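K.L.:
Okay, predicted coordinates and the sequence, questions at the end:
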Amino acid sequence: MVDMKANPFYLSDEDCKWVEDTIAGMTLEEKIGQLFFNMGASRDEEYLKMTVEQYHIGGIRYNPATADEVYEQNRILQENSKIPLIIACNTENGGDGACVDGTTIGSQTKIGATKDAKYAYQLGYLSNKEAAAIGCNLSFAPVSDILYNWENPVIGLRTYGNDVDRVVEMTKAYLDGAHANPGFCCAAKHFPGDGLDFRDQHVANSVNDYSCEQWDATFGKVYESLIANGLEAIMAGHIMQPAYTRHFNPQIADEDIMPATLSPELIQGLLREKLGFNGMVLTDASHMVGLTCRMKRSDVLPAAIAAGVDMFLFFNEMDEDFESMKQGYLDGRITEERLSDALHRILALKAHMGLHKKAPAQQMPPRAQVHEIIGCKEHLDMQKEISDKSITLVKYKDPEVLPLTPERYKRIMIVYVKGLEAPGLGAIFGKNKVSPAEKLKEKLAAKGFDVFLYESPIAKLMKEMEAGGKPDLNVYFAGKTAISEFVEKQDLIITLVDIAGGFQPVARPAFGMTKGGGEIPWYVHELPVIVIGTKQPFVLADIPQARTYINTYDVLDSTFDALVEKLMTGADAFTGCDPVDAYCGMWDTRL
């Protein structure tokens, strides 16, 4: 059972009495409701009141909206909830994980490239200062995974790197920064650790296949540090860890090895017993196939709580899931002791936040402060500083290429290469109003360069067809431009590769024609070529012939401003350090 006076809760006798009295006064339905995190489907007042009055939810994580919209949503929820709510946000990269007009501070990988933990502290502090300003009190961060497999589709830019000591240092710094905001807490993820598998638990099984000794020296080291430094909550991932599962249950059959969200061996054995974690455990989102493929949903809900998890993310259909969880208690799959333990951890966290000391109408911070904090100059200045410190010159085989000046390279062609596009919401929400290529073109042109964007043969074909023409495909497949003519048209080429990593294994460039096209920089020995990865930092796997390669980690204006200045200053201006293996473990990418 939980010790509410110990790390991470540190409750007083008075605080503990509130927890005990509150639980003693709850109906069974109220107890079951506290186990749920709801994913808000609406900000309509009637819907919000229904979720707390009918389902008695313990917490909420909502969909993106403006600061004003989120503030009003959280006000309605807290004022109408009998027990104050945990309101979570995904502030992995900045306040933009709490509201759409929040400040992007920088991805964790970008922070890792600075080599300076003070920026991880600022990420934790400033991100969650913005989150707290609109009524949030828990961050689903820091991401505490270690990226050992460059083909991992989930972690992407969400890791501080592949060096254990750096990840330990920076996750702690993030935690310290978040804690500098009074009452604000963190839920690190994704236990027992992602970054080894090349699969995505959103769509398939995922496995951390380290031995117990390997795990202790890597992922275990990260979690030990966070737990020792007051981490309040841990998000269990839908990730199997066979070695430790077998360690705590030597007789277990392979088919019975479960992801952490359903594994008593990993939650009760590894996390609680071995690591001594006394805080709250919650599941990752329950729609992910790494969880849903393991058993019927009606069994998944009580099985997660029975395994030692305290809160379940999220409802699928509210009535159905609520009844499945309740039935799991009534038929004994969730024991009275396990339900009591989960409730004590949930309410102890709320008391640790100080929520029990405020009346419902006092749970929210002053509305007048929202726009003084969200997107303020201090936060934008930090974004700019991190952009300057992080941009990384990964590969530089031709030292004479830099600096770029209009006198040396008047005519610059930008070849814009995008990634394979996964079906789904990314196709809707992932569009930039101005493409990164257009943005870079404008910034270089302002410095006196003549810049133009490459038009691929396929784009020309499409235009001809849309105009009613019948283009001759032989012209594009067989007709080649003379190399001398190609070279004469520009002085330097920038291949700008814009691939967003994460969620389904599609973070690879989508090239056009290999014959007659220029998307793939085959011409690296014909002209100076600079390849720039704007997001996903593993472009060298697909363009190993690049002789000058830069990672920017994002396409923010501040990042591109810093990029142009560094390109025009020279190689010594790049101070970022590769936090992952941008060479992807391949020998030919270094040639």
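P.N.:
Looks like it came in fine.

K.L.:
For Ser324, pull up the helix or strand it's in.
P.N.:
When secondary structure is defined using DSSP states H and E, the element that contains Ser324 is helix 318-330.

K.L.:
I'd like to check the angle between the following helix or strand past that helix and helix 318-330, please.
P.N.:
Beyond helix 318-330 in the direction of the C-terminus, DSSP H and E gives the next helix or strand as helix 336-352. Taking axes from the mean of the first three to the mean of the last three CA atoms, to 10 degrees, helix 336-352 and helix 318-330 form an angle of 120 degrees between their directions.

K.L.:
And for helix 336-352, what's in contact with it?
P.N.:
Defining contact as CB atoms under 8 Å, 6 or more residues apart in numbering, one finds that helix 336-352 is touched by 1-2, 4, 8-11, 15-16, 18-19, 22-23, 26, 31, 34-35, 58, 83-84, 86, 185, 232-233, 279-281, 305-306, 308-311, 329, 356. For the C-beta atoms, the positions are set from N, CA and C on the backbone; glycine is no exception.

K.L.:
what about the closest residue in space to Lys535 that isn't next to it in sequence, how many neighbours?
P.N.:
Residue nearest to Lys535 in three dimensions, not counting chain neighbours: Ala500, with 5.1 Å by CB to CB, 6 or more residues apart in numbering. Burial measure for Ala500: 20 neighbouring residues, criterion other CB atoms under 10 Å.

K.L.:
where does Ala500 sit relative to Pro64, distance-wise?
P.N.:
As defined by CB to CB, to the nearest Å, Ala500 lies at a distance of 16 Å from Pro64.

K.L.:
Which pLDDT value goes with the residue nearest to Lys535?
P.N.:
The per-residue pLDDT reported for Ala500 equals 77.

K.L.:
check which helix or strand covers it.
P.N.:
Counting by DSSP H and E, Ala500 is found in no helix or strand.

K.L.:
I figured it hits Ala507, correct?
P.N.:
Yes: with the criterion set as CB atoms under 8 Å, Ala500 and Ala507 qualify as a contacting pair; they are 7.0 Å apart.

K.L.:
neighbours of Ile346, just the number please.
P.N.:
Around Ile346 there are 25 other residues, counting by other CB under 10 Å.

K.L.:
what's the burial count for Ala541?
P.N.:
Counted with other CB under 10 Å, the neighbours of Ala541 add up to 18.

K.L.:
dump the residue contacts of the nearest residue to it once chain neighbours are set aside.
P.N.:
Once its chain neighbours are removed from consideration, Ala541 has its nearest residue in Cys584; the separation is 4.3 Å (CB to CB, 6+ apart). Taking CB under 8 Å, 6+ apart as the criterion, Cys584 is in contact with 150, 538, 540-541.

K.L.:
Which two of those have the greatest separation?
P.N.:
Greatest spatial distance in the contacts of Cys584: Trp150 and Leu540, 9.5 Å, computed using CB to CB.

K.L.:
Okay, now the unreliable bits of this protein?
P.N.:
Per-residue confidence for the chain (pLDDT under 70) gives these ranges: 421-432, 473-480, 501-506, 513-516.

K.L.:
For the most centrally placed residue in it, grab phi and psi.
P.N.:
Of all residues in the chain, the one closest to the mean position by CA atoms, centre = their mean is Arg158, 4.5 Å from it. As for Arg158, its main-chain torsions (degrees, to the nearest 10) stand at phi -100, psi 20.

K.L.:
So it is in contact with Gly106, correct?
P.N.:
No: in this structure, Arg158 sits apart from Gly106 without contact. The criterion is CB under 8 Å, and the distance is 11.8 Å.

K.L.:
got a list of what the residue nearest to Pro399 when sequence neighbours are not counted touches?
P.N.:
With CB to CB, 6+ apart as the measure, Ala571 is the residue that lies nearest to Pro399, at 6.8 Å, once sequence neighbours are left out. The contact partners of Ala571, by CB under 8 Å, 6+ apart, come to 393, 396, 399, 402.

K.L.:
One more: Lys221?
P.N.:
With contacts taken as CB under 8 Å, 6+ apart, Lys221 has the following neighbours: 164, 168.

K.L.:
and the helix or strand encompassing it, how far from the chain's centre?
P.N.:
Using DSSP H and E, the element containing Lys221 is helix 219-228. In terms of CA atoms, centre = their mean, to the nearest Å, the centre of helix 219-228 is set 19 Å apart from its chain centre.

K.L.:
buried sites along it?
P.N.:
By neighbour count on 16 or more other CB atoms under 10 Å, the buried set for helix 219-228 is 219-227.

K.L.:
quick revisit: which elements pack onto the helix holding Ser324?
P.N.:
Based on contacts counted as 3 or more CB pairs under 8 Å, 6 or more residues apart in numbering; DSSP states H and E, the elements that helix 318-330 packs against are helix 28-34, strand 36-39, helix 297-307.

K.L.:
chain center to that helix: distance?
P.N.:
Centre to centre, stretch against its chain (CA atoms, centre = their mean), the figure for helix 318-330 is 31 Å.

K.L.:
Mind checking what secondary structure Tyr523 has?
P.N.:
When classified by DSSP: H, G, I helix; E, B strand; the rest coil, Tyr523 comes out as coil.

K.L.:
now it: how far from Glu488?
P.N.:
13 Å.

K.L.:
more neighbours, the two?
P.N.:
Set Tyr523 next to Glu488 and count neighbours by other CB under 10 Å: Tyr523 wins out with 15 against 10.

K.L.:
Distance of the closest residue to Ala217 other than its chain neighbours relative to Glu72?
P.N.:
Setting aside the residues directly before and after it, Ala217 is nearest to Val164 in space (CB to CB, 6+ apart), at 7.1 Å. Counting by CB to CB, the gap between Val164 and Glu72 amounts to 43 Å.

K.L.:
And Cys136, which helix or strand is it part of?
P.N.:
Secondary-structure assignment from DSSP H and E places Cys136 in no helical or strand segment.

K.L.:
residues near Phe574, how many?
P.N.:
Residues contacting Phe574 under the criterion other CB under 10 Å number 21.

K.L.:
Next up, the contacts around it.
P.N.:
For Phe574, the residues meeting the contact criterion (CB under 8 Å, 6+ apart) are 391-393, 550, 566.

K.L.:
let's go with 6 Å and repeat that
P.N.:
Applying CB atoms under 6 Å, 6 or more residues apart in numbering, we find Phe574 in contact with 393, 566.

K.L.:
next one: Val539
P.N.:
Listed by CB under 6 Å, 6+ apart, the contact partners of Val539 are 497, 533.

K.L.:
Repeat the analysis, applying 8 Å as the threshold.
P.N.:
If a contact means CB under 8 Å, 6+ apart, then Val539 has 497, 499, 509, 531, 533, 546, 549, 551, 582 as its contacts.

K.L.:
Torsion angles phi and psi at the residue lying closest to the second one once chain neighbours are set aside?
P.N.:
What that stands for is Ile499. Among residues not flanking Ile499 along the chain, Gly419 sits closest, at 3.6 Å (CB to CB, 6+ apart). For Gly419, the backbone dihedrals (degrees, to the nearest 10) come out as phi -100, psi 170.

K.L.:
Next: Lys189.
P.N.:
In this entry, Lys189 is assigned phi and psi values of phi -150, psi 160 (degrees, to the nearest 10).

K.L.:
Go ahead and confirm it touches Val143.
P.N.:
Yes: assessed by CB under 8 Å, Lys189 is found in contact with Val143 at 5.9 Å.

K.L.:
So for those two, which residue has more residues nearby?
P.N.:
In this comparison of Lys189 against Val143, neighbours counted by other CB under 10 Å, the higher total goes to Val143 at 29 against 23.

K.L.:
Give me the distance between the closest residue to the more buried one other than its chain neighbours and Leu85.
P.N.:
Of all residues beyond its chain neighbours, the one nearest Val143 is Arg158 (4.4 Å), with distances taken as CB to CB, 6+ apart. Taking CB to CB as the criterion, Arg158 is separated from Leu85 by 26 Å.
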